[in-house]
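1. Got a sequence here, can you model it:
(chains A, B, C and D)
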Protein chains: 2
Amino acid sequence: MLVNLSAKTTRESGGKQAGVQSIRRALAVIQVVADHNRSGVGLSKIAGEVGLTPSTTHRIAAVLVDEGILSHNGATKLYHLGIGLYLLGSSARQYQVRDIYRDTLEKIAEQTGDTVFLIMQSGYDALCVDRVVGNTPIQILSLNIGERRPLGVGAGSLAILASLPGDQRERIMRHNRRRYAAYPGYSPDDLARMIKMYREQGFVVNTVTPYTIGVGTCVHDEEGTLIGAVSVSGIVSQMDRKRQKQIAALIKSAIQ
Amino acid sequence: MLVNLSAKTTRESGGKQAGVQSIRRALAVIQVVADHNRSGVGLSKIAGEVGLTPSTTHRIAAVLVDEGILSHNGATKLYHLGIGLYLLGSSARQYQVRDIYRDTLEKIAEQTGDTVFLIMQSGYDALCVDRVVGNTPIQILSLNIGERRPLGVGAGSLAILASLPGDQRERIMRHNRRRYAAYPGYSPDDLARMIKMYREQGFVVNTVTPYTIGVGTCVHDEEGTLIGAVSVSGIVSQMDRKRQKQIAALIKSAIQ
DNA sequence: TGTCATTTTTCACAATGTGGAAGGAAAAAA
DNA sequence: TTTTTTCCTTCCACATTGTGAAAAATGACA
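-> Just a heads-up that it's a prediction; the model follows:
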């Protein structure tokens, strides 16, 4: 074998799981085409960039075209992204707000030096839609983009829960009751206290990962509809009461 | 084998090409998750819908999660679409206008009964971004969504070329000179004549597929920037000069 | 505590995916 | 024009990769 992408000489060695080579390769092909989507890419260039033989690349690209993920121009022989990929991506519209708040998050991260999160509600969950890290040496990365937590767990997550109408909030908390048990400091009493805090002062402060503190507040659109929440996380020692208030004020002014 | 998705008993039988089973399966898994993206889906439901065993489905879903295409909630065991899929879909932004003009195209298709196309420029190509078929028994489907033609070939395509500034137009026509040769009725003289027609009367009429005629005109945004073109295709016998003008007027009023 | 419904891991087997080689097709050079 | 080069596509023997039944693990519910 000329190329050995995932460095696997025998099954299961190397660490990566086995049995999915071709799927990984297909995704790599799609990524290369995405990188050259504007002008299009030829087969041999794709093959070169993913490190496969032209024949294997051709077979993979042919299925992707057949499935509408890529499109192929018979005259120019160039591959572009297909309508199928766009439609699939459009199904993932939970991430759309990301584009709107990117700049705002970056601004907050720059001014605080801490990690900033954009959180949205998704059913009974809080979904992390975006994350920007600051330039402070210690960053809180316990929550990745695309990850979910029970609605209520985490600063942004809790801010959303607290600002929901009472009946919805009750239903969600009842549904998540068992899930809260996995997090220390999320007893019904703790939750009630934090929700009250949010309603009184307009932001919430809490801890999910030990030794860290998050400060969060909700984001609404011009009409006052709830969109999601923005939160900033740092280590406990750098998050005294005064700084918490400053950060809450900073978030609010950044999101207008 | 319990299930036989692409009906393939021995290699290469059945018609579909061999050697890509797992990629097709992975795409099927993504599609099922997309269908249940709002609420999330469990493994056994995915397995049931794509017709695979839980173990195979699990392996496929695990790679997709690892690659960020899907996301998986460890607590609820539900799968959702991942940020990776959204980002890939965002790379295919050439299809974005589609969402804006969908309704307009459908309206035109209903009123004319013919096939309506939304065409955009993409480099030296015209890209078919959307297509809506009418209710007339004969429909012109020679151009599929995602397909490309040299800019200038086709009614919408030609309308775009004709409305570009002179120097750009020259450069594109020079680049495409050889490609035009594949289409009858696309000599330099023919092209010049059709471009002149567009500039004089605001729409263009031409033939790519024999026995069919397309009528096309450009779409601009509020500021007058060129977005693309809309065209209507029907069979020659139903496209006399009078109807061509009617259709051109109809398109123009529909797109405002 | 035990039962039931899931998800996850394991493993022997062969079907699927592989890439070298050869055939085409089209562009570039002579 | 013909030759050379480059790139795309098809073919096929081989073994790596993907498969699914079964077993193990997890968790919900009573």
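2. Please tell me how far residue A:109 sits from DNA strand C.
-> 33 Å (Cβ to the nearest atom of the strand, to the nearest Å). Heads up, the C-betas are built off the backbone N, CA and C, glycines and all.
3. Can you tell me the SS state at that residue?
-> Look at residue A:109: counting by DSSP: H, G, I helix; E, B strand; the rest coil, its state is helix.
4. Ok, residue A:213 next?
-> Criterion first, three-state DSSP; result for residue A:213: strand.
5. for the one 3 residues further on, same thing?
-> Of the three states, residue A:216 takes strand under three-state DSSP.
6. Can you read off the pLDDT for it?
-> On pLDDT, residue A:216 comes in at 96.
7. repeat for the one 10 residues further on
-> What the model reports for residue A:226 is a pLDDT of 90.
8. Look up phi and psi at it.
-> Per-residue torsions, residue A:226: phi -70, psi 130 (degrees, to the nearest 10).
9. Report the beta-bridge partners for it.
-> Under DSSP bridges, the beta-bridge partners of residue A:226 are residue A:220.
10. Please tell me how far the helix or strand containing residue A:55 is from the chain's geometric centre.
-> In this assignment (DSSP states H and E), residue A:55 forms part of helix A:54-66. Its chain's C-alpha centre and that of helix A:54-66 lie 30 Å apart, by Cα atoms, centre = their mean, to the nearest Å.
11. in that helix, what counts as buried?
-> A:56-57, A:59-66 (16 or more other Cβ atoms under 10 Å in any protein chain shown).
12. Likewise for stretch A:227-247?
-> For stretch A:227-247, the neighbour count (16+ other Cβ under 10 Å) marks A:227-234, A:239, A:243-244, A:247 as buried.
13. Once you drop chain neighbours, what's closest to residue A:180?
-> Leaving aside its chain neighbours, residue A:180 sits nearest to residue A:186 (4.2 Å; criterion: Cβ to Cβ, 6 or more residues apart in numbering or on different chains).
14. Count the neighbours of the one you found for me.
-> Using other Cβ atoms under 10 Å in any protein chain shown, residue A:186 has 21 neighbouring residues.
15. Using the three-state scheme, assign it.
-> Secondary structure assignment for residue A:186 (three-state DSSP): coil.
16. wait, what's in contact with it?
-> By Cβ atoms under 8 Å, 6 or more residues apart in numbering or on different chains, the contact set of residue A:186 is A:152-153, A:180.
17. Quick check: the residue lying farthest from the centre of chain A vs residue B:178, distance?
-> What lies farthest from the middle of chain A is residue A:75; by Cα atoms, centre = their mean that is 39.3 Å. From residue A:75 over to residue B:178 the distance is 10 Å, taken as Cβ to Cβ, to the nearest Å.
18. For residue A:99, list the residues it contacts.
-> residue B:90.
19. For the worst-scoring helix or strand of chain A on mean pLDDT, give me every contacting residue.
-> Lowest by mean pLDDT, DSSP states H and E among the helices and strands of chain A is helix A:166-180, with a mean of 85. Helix A:166-180 is contacted by residues A:124, A:150-153, A:161-162, A:164, A:186-188, A:191, A:195, B:75-76 when judged by Cβ under 8 Å, 6+ apart.
20. again with stretch A:72-80
-> With contact meaning Cβ under 8 Å, 6+ apart, stretch A:72-80 is reached by A:33, A:37, A:39-43, A:46, A:61, A:65, A:70-71, B:94, B:122, B:125, B:127, B:146-148, B:150, B:179, B:182.
21. Could I have the buried ones of these as ChimeraX selection syntax?
-> Of these, the buried ones go into a single ChimeraX selection, burial set by 16+ other Cβ under 10 Å:
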select /A:33,37,40,41,43,46,61,65,70,71 /B:94,122,125,127,146,147,148,150,179
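22. Where does the stretch 51-200 of chain A get nearest to DNA strand D, which residue?
-> residue A:55 (3.2 Å; Cβ to the nearest atom of the strand).
23. Let's verify the residue farthest from the centre of chain A: helix, strand, or coil?
-> Three-state call for residue A:75 (three-state DSSP): coil.
24. That one and DNA strand C: what is the separation?
-> Distance of residue A:75 to DNA strand C, given as Cβ to the nearest atom of the strand: 8 Å.
25. Okay, domains of chain A per the record?
-> The record's domain parsing of chain A by automatic domain parsing lists A:21-91, A:94-254.
26. Please state the backbone phi and psi of the residue of the stretch 101-250 of chain A found nearest DNA strand C?
-> With Cβ to the nearest atom of the strand as the measure, residue A:148 is the residue of the stretch 101-250 of chain A nearest to DNA strand C, at 13.8 Å. The phi and psi values for residue A:148, taken as degrees, to the nearest 10, are phi -120, psi 150.
27. Look up the closest residue to it, ignoring the ones flanking it.
-> The shortest distance from residue A:148 to any non-neighbouring residue, by Cβ to Cβ, 6+ apart, is to residue A:125 (4.0 Å).
28. Distance check, the one you found against residue B:221.
-> 38 Å.
29. Residue A:156 now?
-> In this view, residue A:156 and residue B:221 are 36 Å apart by Cβ to Cβ.
30. Tell me which of the two has more neighbours.
-> Ranked by neighbour count (other Cβ under 10 Å), residue A:156 and residue B:221 place residue A:156 first, with 31 against 10.
31. now the helices for chain A?
-> A:21-35, A:43-50, A:54-66, A:83-91, A:97-112, A:155-163, A:166-180, A:188-201, A:241-254 (DSSP state H).
32. Just name the most buried of those helices.
-> helix A:155-163 (a mean of 27; mean count of other Cβ atoms under 10 Å in any protein chain shown).
33. Which neighbouring elements make contact with it?
-> The contact analysis (3 or more Cβ pairs under 8 Å, 6 or more residues apart in numbering or on different chains; DSSP states H and E) places helix A:155-163 against strand A:115-122, strand A:125-132, helix A:166-180, helix A:188-201, strand A:204-206, strand A:212-220, strand A:226-235.
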